[in-house]
Structure formats: structure tokens, C-alpha cells
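J.: Take a look and give me a structure for this.
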Amino acid sequence: MSTTEPPAQLPDALPDDDHDALTAALSSIWLRRVVAFADYVGEGRQLTSKGNLRLADAQALATLLETGETLDRDFGGFTQKVRRAVELELVDLTHELALASGAVEVLRKRLVRSATLDSLLERPAEAWLELLTALLFDVGPVQHHWRDDRYGFGWHAEAADQALASLMTGLHAAGDRTELAAFVEGVWAELGETVDLSVLPPEEVREDRKGFVRDLLGGIQRLLEFGAVELDEDGHATVDEALAPLDDPTVAPRALRVRGSVALTPLGAWAMEQVEAGSPDALLTADPEELLAVAVHMPIEEGIQQIRDWVAAGEGGAGRLVDALLGMKAEHDLVRVTGALALSALDARHPDAVVAVERLGQHAGLRPFADVWRLKAGLYTLPPEGESPERLVQLLYAALLMEPFETLAPLISAVCAPLSVDEAVERIWRLRMSETERVLEGLAGSLTLPAEAKAARKALFKHRSLGLAQPE
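T.: Down below sits the predicted model:
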């Protein structure tokens, strides 16, 4: 399919009188960008050790995808050189959407065009839907915007993305428009119930709220670009004002008055119908591959419960689930996240689950996750001298992905045994592995004993200071 022509085929379920609007929606810039991206990648483009695009490729793609991004970024008179591909937000978002939707895949550290993309593009509405669900439930528009957040300014990103997904489903359930001001105020109030903002100075809370509102409206702008929602005139004015670049970054922008309303387009309504068709009841009879593909995009607890319900609903569920994991042909990190979710749902008290999980030992990427599962169940014994440093990093990475925060500290101690957590951290911080930095970050943020958390933070600092962190 051409990267400049709109898709020719429309969803059969949509009424004929909506075809003009749907043709425009299906020609969404994001569908065309992802197809152009996949065509550029072709038979293979080398990635950095962290799985990012090389800067030269990102620069070429900025032109090809017409993102308007350059290697010189202007900040109100200040110019900053772009040194990493992830700093080109629209190019990087195209990359992430292409990966999450399956348009491209990673093979031997090279990004390649998916062999299944052509067949999917024969059903362009489904291709568009894959991108939309990847944006809402996997990448997250606000989380992606703050993907390189080193200072915690985007602390609200996950909550904002969850609110945007809820907005889409809520608009479909209501069948009517929603006032932007009511949406923004409602989400901010919910955030205040989960985060204690009273400990912050009032001025800081006001600034946080401004940033949160801008990010929510930025997410709506992405949905608008997809053709999933539409805004009235006041809504367009609100979004334009919120996202307008600052001429002088040292001058605070004027207060934004949120006004206008948002509604689903016919295509957006169709998309939400398809999402609801993947509801929990419908998934009980799904194939294990389909179950995992949907569950991994759910909130963690919901995804775990969905897998548990599916396993309980049929014969040999644990074995079929493991077969699906062993047969996954996806990006390495996605396989591990999916495996962590599935193993968190399996009950070690069931013999068929124990037998099934043992088979994961044949999968190099999932073996550490299976061993952590077996360790929790009392079915795996650590070597008397402890694991090797490399193996310890793999097991800690698996534990951080699998275990809820409330019970994580005891599991970390068990994985490190017979070493103390402090000794284990000292043993691993010098390792140049892709997981090392993420493990140290996870330990620094999750260990409950102050001394252990401090040791992890110091180790993370040393790891980065000596240039051991994998380059972008």
C-alpha cells in the first residue's frame, strides 16, 4: 500500500453515509507514518544496544515521515543539539507504535519489516485499530511524551494515559459528547485521591496541575490525529492554546481556560466496539495467543485475573498458555513482560501448572522468570554459594516484573541469598548488561529498608558514572 494514499477499504460494519468521514480518518497521518516507517526499515536496520533507532536513521525518518523535527531544537532563543534518536518525539513515537502493533519486529538486534504487515494492510481498518490500541494500552501518549523524564516532571503520565483510555470507552458508553473542562477536573480530582498533594507548596501544586492539563490535552491531540475523536470549535481552540510553543520559556504562560467538548468519530465508535468485543467474557473462549495479546495491555491486576479465569475455564490451560509463550515471535522485552504476567497468574498448587512452567526452562529469555516462579513455590533451590552475577541480574529483573510492590522486598532477599541485598548490589553494578541499569533503578525505588535502598542508589550512580549503562 502506498504511504501517501489513504486506505481503500473501509470497515464493513460502518454505514455507507459515513464513508467520507471514515476515509479521512483511515488516512490518519499515523497509519501512513507507520507504513512508511516499516518500508524504510525493510529487511533490517541496526539498533543501538538499548533497542533505539540510530541517530542517522532518525534524522532520515524525520524527513520521510514529515514530522518537522530537526537535530537542532530551539527553546526560546536557545539551541540544543539532538544527540539521541529518542529526543525526536514524533519519530520515536512512530517507532514505538510500529513495534507495539507488530508492523516491525526485532531480529538479532536489527529492526525489520514484519512479514505479516502486507496481509494486515489488506484490512486497513484493522491496521488502524492495531495502532490505536497500541497507543492507548501499550505505548501511552503521555508516558511516551515523558519517556526520557530524568527529573520526575511526568509523575502523572500513567494516570493521564489511563484517563484517556477511560475517556474513549466512556464516550462510547454514553453515546454523547463530553465537556473538556468536566473531564479535566474529574481526572485531576481522582488523581488527588491517590496522591497526597497536600505535602507540596500550593504554587507547586498549581504548576503540576497546569502540566497535567497540558499533557491530557496533548493526548487528546494524538487521538484527534488518529481520527478517533473530534472537537468542537472551542475544543480546538483549547488544545491549540495548551500546546502552543512558548516564545520565551522564562515567562510563565497565561492561565488556560479549558472549554469545548470532545466526541468519538464514527471510526472511533467502531474501534471501541471492537475493544469491547475483547471484553473479559469474550476472552474466556479465546485462543491463548489472543488472550495474552489482550491481557498484556490491561492494567496488571486485571490482566492477571483474566488469565486466571481463562485457565480455570478450560482443560489444560496452563500447558496451552506455556505453548503460546514458547511460540511468541515478538520483541524480546514484550515476550518477557507477557511471560511475567502469565506466570503471575499460574497457581503452583496445581500440578499441571508446575509441569507446564518447567518447560519454560528451554526458553533462554523466560527461564529466569520460570525459576523465580519456582523459587516462590519452593520448587527451586539456589546454589549454596549464590547465583553468578549475570544470573543474579536476570533473576532480579524477573522478580521486579513479576512481584507486587507489597511483597517484593522478601522475594528480592530470597533471590539474593545467601548474600545480603547490599552484597548482591555490590556484585552486579559493574556488569554491562541491558538489564543492569533497570534492575538497580527498580531496587532503588522499591526496597523498603533505607540502608538497602541507599546501597542501590549508590550502585546505580556508580554504574552510570563509569559509563557502564548501555548507550542509547
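
J.: could I get the helix or strand hosting Leu111 in CSV with only the CA atoms?
T.: Assigned by DSSP states H and E, Leu111 belongs to strand 110-113. The C-alpha trace of strand 110-113 is given here as CSV (Å, rounded to 0.1, in the frame of the first residue of the first chain):
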residue,chain,number,x,y,z
ARG,A,110,18.0,-5.4,13.9
LEU,A,111,14.7,-3.8,13.2
VAL,A,112,12.9,-5.5,10.3
ARG,A,113,9.6,-5.1,8.5
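
J.: name the helices or strands packed onto it?
T.: helix 29-41, strand 45-46, strand 104-107 (3 or more CB pairs under 8 Å, 6 or more residues apart in numbering; DSSP states H and E). C-beta: built from backbone N, CA, C; applies to glycine.

J.: Paired strands for it, with orientation please.
T.: Paired neighbours of strand 110-113 in the sheet (DSSP bridges): strand 45-46 (antiparallel), strand 104-107 (antiparallel).

J.: buried stuff in stretch 366-382?
T.: The neighbour-count check on stretch 366-382 (16 or more other CB atoms under 10 Å) flags 366-376, 382 as buried.

J.: What separates the first and last residues of it, distance-wise?
T.: 17 Å (CA to CA, to the nearest Å).

J.: Please compute how far that stretch lies from its chain's middle.
T.: 26 Å (CA atoms, centre = their mean, to the nearest Å).

J.: Equivalent analysis for stretch 118-133, please.
T.: The answer for stretch 118-133 is 19 Å, by CA atoms, centre = their mean.

J.: same thing with stretch 322-340?
T.: 15 Å.

J.: And stretch 407-415, by the same measure?
T.: Distance, centroid of stretch 407-415 to centroid of chain: 25 Å (CA atoms, centre = their mean).

J.: what kind of secondary structure is the residue nearest to Tyr380 when sequence neighbours are not counted in?
T.: Nearest non-adjacent residue to Tyr380, counting by CB to CB, 6 or more residues apart in numbering: Arg374, 3.7 Å away. Assigned by DSSP: H, G, I helix; E, B strand; the rest coil, the conformation of Arg374 is helix.

J.: Against Phe405, how distant is Arg374?
T.: 22 Å (CB to CB, to the nearest Å).

J.: Distance check, His162 against Leu191.
T.: Just so we're on the same page, residue 162 is Gln rather than His. 10 Å.

J.: Also Tyr397?
T.: For Tyr397, the distance to Leu191 - CB to CB - is 30 Å.

J.: Of these two, which one has the most company?
T.: Using other CB atoms under 10 Å, the more surrounded residue of Tyr397 and Leu191 is Tyr397, with 22 against 18.

J.: follow-up on the earlier one: got the strands paired with strand 110-113 as CSV, with distance to Asp74 columns?
T.: Shown next, in CSV, are these (distance: least, CB to CB, whole Å):
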stretch, distance to Asp74
strand 45-46, 28
strand 104-107, 31
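
J.: returning to that earlier point: and the next helix-or-strand element following the strand holding Leu111, what does it pack against?
T.: Where DSSP H and E defines the elements, the next helix or strand beyond strand 110-113 is helix 117-121. Where contact means 3+ CB pairs under 8 Å, 6+ apart, helix 117-121 is packed against helix 29-41, helix 124-134.

J.: Least confident of the ones you listed, on average?
T.: Lowest mean pLDDT of those: helix 124-134, a mean of 87.

J.: Buried residues, it. List them.
T.: For helix 124-134, by 16+ other CB under 10 Å, it's 124-125, 127-134.

J.: outside of whatever helix or strand comes next after it, which residues touch it?
T.: The helix or strand immediately downstream of helix 124-134 is helix 141-145, counting by DSSP H and E. Contact with helix 141-145 is made by 89, 92-93, 96, 135, 154, 156-158, 160-161, 164, 215-216, 218-219, 222-223, as judged by CB atoms under 8 Å, 6 or more residues apart in numbering.

J.: Of those, select the buried ones using a PyMOL command.
T.: Buried members of the contacts of helix 141-145, defined by 16+ other CB under 10 Å, are picked up in PyMOL with:
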select buried, resi 92+93+96+135+154+156+157+160+161+164+215+216+218+219+222+223
